[in-house]
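In: generate a structure from the sequence data that follows.
(one chain, ligands or ions: 2)
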Amino acid sequence: MAKPETYKNFIGGEWVGSVTGETFENRNPANHDELIGMFQASNQEDVDAAVEAASEAYKSWRLTPAPHRAELLFDLGHLINERKEEFARDMTREMGKVLKETRGDVQEAIDMTYYIAGEGRRMYGETTPSELPDKFAMSVRMPIGPTALITPWNFPMAIPSWKLIPALVCGNTVVFKPATDTPLSAYNLVKACEEVGIPKGVVNFVTGSGRNVGQPLVEHDGVKLISFTGSTTVGKGISQVCGRLNKKHSLEMGGKNPIIVMDDANLDLALDGCTWGAFGTTGQRCTASSRIIVQKGVLDEFTDRFVERAKNLKVGDGLDPATEMGPVINKSQLQKVEEYIEIGRQEGASLLTGGHRVETEATASGFFLEPTVFADVTPGMRIAQEEIFGPVTAIIPADDLGEAVDIANGTPYGLSSSIYTNDVRNSFVAMRDLFFGIVYVNAPTIGAEVHLPFGGTQDTGNGHREGGSTVLDVFSEWKTLYVDYSGRLQKAQQID
Ligand code: NAP
Ligand code: MG
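Out: Ligands and ions are numbered 1, 2, ... in the order given. Sure, this is the predicted structure:
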């Protein structure tokens, strides 16, 4: 077998090894024997070099007209599109989700790139009358400076693109630290940036651990903005550092997303949605449907049919077109999910299907778990409160819509939520009362589109929204401009 490639950091337009001289392995979670490549185990010194390059490049990038910045991004969109299949295959190999989904992940990066590149010719501010004569008033967006992008492994190209593209169109330069589990998809994105001619130092790429690369980036004086997606625990830690340093930071964190199934729902539709929402990406989505709150009139029928669906899902290597659910990302995550399955049992929930590793010849070297369904779950149980991030979902009974909404709202998170109902009143009450960043009606909790705001309330975020035009608020600062052409001192607020 050919020796696996060693990938480098990208700093100031050069591919360079880490000063540590050390590397880490990227392996396939469907077959841990398969080594995909070696990546740089970087440290503070590499971070310093990358931030210096980003600071230098910022001087000219911020002055490059936004439509020109955007032209490079349109080229980037075309290039990613050309390589969609190759990038999707790399992604399935490094993180396990099925090929249909990794194609979707790459497509999301393409969509985001085209959508946000369009902002190069918009990025609207406001002009408004002044309260004084011969005075002009307007607001414009300005870039912030070198920005750190810190991303998770579950959407290895889509999530970086949600950050990278808006950062660049707004005129910021970036240092991108991808998740240790998925550096290849990040490399593919950065390499494409190089190939379309994004100037040296505008996009820098440093691989390595959260502790040795992520933390120094957050602390670095030269980094003016942190954009983070990942767990609530790590995000809150970043928030504390940024609070101390008074540094702008945007956080996208965990979720415990509910689907409410009402007695009047179309059950076939609800079953399709719950199966996709709970087990798509092996339940490893921040928006995964990890709670299914079912009104009691349809509880038995829904539960029986849902368990049948879960049992029949074909688990295996995501590169096999027949596979419906891939592996869990790594061994420690596999163990964490198994611990939660044990916790669910001990709490007295009924394990109706799943709960075990999938042990066939084909899955022997991978981290495969059965799709797992708990029933008789009460809202306070840990499996109904904590993010598990695996193929496990909890069915929670409710008497009526009011109780279902209270249960739905009753966790520390607030990312995505959903209701299945054929009653227009139920759907509008849910849209009004669910305290989440996203509410779906008659669709599961997953399926966000790039041109709408994305993010959540409570412990899911810190008040920002990615996606949509709202993402520009993360990656720019407002500047208000007053131009007085009266030729005399004029005072506002009627002061004479
Ligand atoms: P994670 O462990 O929090 O890691 C996220 C990123 O932060 C990784 O690049 C990680 O590096 C880095 N990191 C770890 N410790 C750090 C530190 N002390 N300082 C700075 N950076 C640090 O999350 P994950 O396991 O990769 O991803 C799963 C989590 O992401 C879930 O909770 C999920 O809900 C959440 N998520 C949220 C959204 C959303 O939009 N709301 C979307 C997707 C995922 P290493 O990889 O080297 O550890
Ligand atoms: Mg991997």
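In: run a quick neighbour tally on L369.
Out: 25 (other Cβ atoms under 10 Å). For every residue, glycine as well, the C-beta is placed using N, CA and C.
In: what about the helices in the stretch 51-200 of the chain?
Out: Listed in chain order, the helices found in the stretch 51-200 of the chain under DSSP state H, counting those that start in this stretch are 66-82, 84-95, 99-117, 158-169, 183-195.
In: give me the helices and strands touching the fourth one, please.
Out: Think helix 158-169. Packing partners of helix 158-169 (3 or more Cβ pairs under 8 Å, 6 or more residues apart in numbering; DSSP states H and E): helix 66-82, helix 99-117, strand 147-150, strand 174-177, helix 183-195, strand 225-229, helix 471-475.
In: residues touching whatever residue of the stretch 1-150 of the chain ends up closest to ligand 2, list them.
Out: For the stretch 1-150 of the chain, the residue closest to ligand 2 is E94, as judged by Cβ to the ion, at 4.1 Å. Shown in contact with E94 (Cβ atoms under 8 Å, 6 or more residues apart in numbering): N26, N28, I36, P156, D181, T182, P183, L184, S185.
In: which bits of the stretch 151-300 of the chain sit near ligand 2?
Out: Contacts of the stretch 151-300 of the chain with ligand 2, taken as Cβ under 5 Å from the ion, map to D181.
In: swap in 6 Å and give it another go.
Out: Within the stretch 151-300 of the chain, the residues that sit near ligand 2 (Cβ under 6 Å from the ion) are D181, T182.
In: on that earlier part again, please name the nearest non-neighbouring residue to the residue of the stretch 1-150 of the chain closest to ligand 2.
Out: Leaving aside its chain neighbours, E94 sits nearest to L184 (4.9 Å; criterion: Cβ to Cβ, 6 or more residues apart in numbering).
In: what pLDDT does the model give that neighbour?
Out: Model confidence at L184, given as pLDDT, is 98.
In: how near is it to V213?
Out: L184 is 17 Å from V213, where distance means Cβ to Cβ, to the nearest Å.
In: which of those two has more residues huddled nearby?
Out: Applying other Cβ under 10 Å to L184 and V213 shows that V213 carries more neighbours, namely 28 against 24.
In: thought N43 was touching that one, still the case?
Out: Yes: between V213 and N43 there is a contact under Cβ atoms under 8 Å: 7.2 Å.
In: number of residues surrounding D46?
Out: Neighbours around D46, by other Cβ under 10 Å: 26.
In: again with L351
Out: With other Cβ under 10 Å as criterion, L351 counts 17.
In: surely it meets P371?
Out: No: contact status for L351 versus P371: not in contact, 11.9 Å apart, counting by Cβ under 8 Å.
In: need the residues of the stretch 201-350 of the chain near ligand 1, please.
Out: 209-211, 214-215, 218, 229-231, 234, 237-238, 252-255, 286 (Cβ under 6 Å from any ligand atom).
In: out of those, which sit inside helices?
Out: Q215, V218, V234, G237, I238 (DSSP state H).
In: of these, grab the buried ones for PyMOL.
Out: Here is the PyMOL command that selects the buried residues among these (16 or more other Cβ atoms under 10 Å):
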select buried, resi 215+218+234+237+238
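In: can the top strand by length along the chain be said to contact ligand 1?
Out: Longest strand of the chain, by residue count under DSSP state E: strand 31-40. No: applying Cβ under 6 Å from any ligand atom, one finds strand 31-40 out of contact with ligand 1, separated by at least 10.5 Å.
In: what does that strand contact?
Out: Under the criterion Cβ under 8 Å, 6+ apart, residues 4-9, 17-18, 20, 22-28, 46, 90, 93-94, 183-184, 187, 206-208, 317, 331, 365-367 lie in contact with strand 31-40.
In: in that strand, what counts as buried?
Out: Neighbour counts over strand 31-40 (16+ other Cβ under 10 Å) mark N31, E34, I36, G37, M38, F39, Q40 as buried.
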